[in-house]
Every structure is written in structure tokens, then in C-alpha cells.
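# Got a predicted structure plus its sequence, pasted below:
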Amino acid sequence: MKRLMAMLLVALFSTAVLSGCNTMAGAGKDVQKVGEKVEDKAEDCKDGKC
């Protein structure tokens, strides 16, 4: 019974860690897209197109 509980806890912990990694990867992509938009807008303003 102890072994089953230990395996269950490891499985739950692994699931939480892996889903956290996916969440951070998605957030990183979102931040990158926002940065690209800001960079594009800055380039437009630099060229006098604001």
C-alpha cells in the first residue's frame, strides 16, 4: 500500500511539474510576440510613420 501511495504521489508531482513547464513555455512565446510587436512599432516610429 505504501508503494502504491508513493507511486501516486510521484505521478501527481510529475504531472504538476510538466504542466508548469508547458505553461511557462506558452507564456514565454506570448512575451516574445509582444516584444516583436513593440519592436516593429518602434521601427515604424523611427522611420517617421507614427
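Structure's in. What do you need? Residues are numbered from 1 along each chain as shown.
# ok, which stretches of this protein are helices?
2-46 (DSSP state H).
# Could you report the neighbour count for Leu4?
Leu4: 8 surrounding residues under other Cβ atoms under 10 Å. Any C-beta I mention is one placed from the backbone N, CA and C, and that applies to glycine too.
# Could I get the pLDDT score of it?
The confidence metric pLDDT takes the value 90 at Leu4.
# And it, how far from Leu18?
Going from Leu4 to Leu18 by Cβ to Cβ, to the nearest Å gives 21 Å.
# same deal with Lys29?
Using Cβ to Cβ, one obtains 17 Å as the distance from Lys29 to Leu18.
# Could you do Arg3 as well?
22 Å.
# Those two: which has the busier surroundings?
Between Arg3 and Leu18, counted using other Cβ under 10 Å, Leu18 has the larger neighbour count: 10 against 7.
# List the contacts of the more buried one.
Leu18 is in contact with no residue at all, counting by Cβ atoms under 8 Å, 6 or more residues apart in numbering.
# And stretch 8-19, how far out from the chain middle?
Taking Cα atoms, centre = their mean, to the nearest Å, the mean C-alpha location of stretch 8-19 is offset from the chain mean by 18 Å.
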